[in-house]
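1. No sequence on hand, only this structure:
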């Protein structure tokens, strides 16, 4: 879409970015809640990661993620919008993790915030890696993500689910 056409729908760059932030929030909410009822913590975590990767495999999605992240670094107001979206994701994941710890399904992590930052960086890094190297597929990534989740969260019994 040309810049002129964009401004027929949006009055300013700020409105465009707000629309992207709103779409990001809606996408995150859908990813976090769809298809996970009655699923254990490890399977739910892997499912969420794979769903995110599938969403971000759409044409142009990785490039838009790079642009948004760059804009967040340049403009604190924009960064704050996207950090609010991230806070929602972290709150959802924290609740899910706390429930899994309370039920004895997984062990508690020592530092939730650092764990979440590492998990999010892994997902974002995979988005860029898969865009850069299209030969790397979700089918290849899934067992590695599952092993990482098993090692990180040390479940009481190994999870055998598969969401590929």
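-> Great, that's in hand. Computed from a predicted model, the values in this text were never measured in an experiment.

2. Where do the helices of the chain begin and end?
-> With DSSP state H, the ranges of helices along the chain come out as 3-9, 13-33, 41-56, 61-74, 76-102, 112-132, 138-153.

3. Reformat those as JSON lines; add mean neighbour count and mean pLDDT.
-> C-beta coordinates here come from the backbone N, C-alpha and C atoms, glycine included. Output for the helices of the chain, formatted as JSON lines (neighbours: other CB atoms under 10 Å; pLDDT from 0 to 100):
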{"stretch": "helix 3-9", "mean neighbour count": "10", "mean pLDDT": "67"}
{"stretch": "helix 13-33", "mean neighbour count": "15", "mean pLDDT": "82"}
{"stretch": "helix 41-56", "mean neighbour count": "21", "mean pLDDT": "92"}
{"stretch": "helix 61-74", "mean neighbour count": "14", "mean pLDDT": "89"}
{"stretch": "helix 76-102", "mean neighbour count": "15", "mean pLDDT": "90"}
{"stretch": "helix 112-132", "mean neighbour count": "15", "mean pLDDT": "95"}
{"stretch": "helix 138-153", "mean neighbour count": "16", "mean pLDDT": "96"}
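
4. Need the residue closest to the centroid of the chain.
-> By CA atoms, centre = their mean, the mean C-alpha position of the chain lies nearest to residue 52, the distance being 5.3 Å.

5. can you pull the contacts of that residue?
-> By CB atoms under 8 Å, 6 or more residues apart in numbering, residue 52 lies in contact with 31, 123, 127.

6. Next: residue 69.
-> Residue 69 makes contact with residue 124, according to CB under 8 Å, 6+ apart.

7. Could you pull up the contacting residues of the nearest residue to residue 79 once chain neighbours are set aside?
-> In space, and not counting its chain neighbours, residue 79 is closest to residue 72: 3.8 Å by CB to CB, 6 or more residues apart in numbering. Residues in contact with residue 72 (CB under 8 Å, 6+ apart) are 78-79, 82-83.
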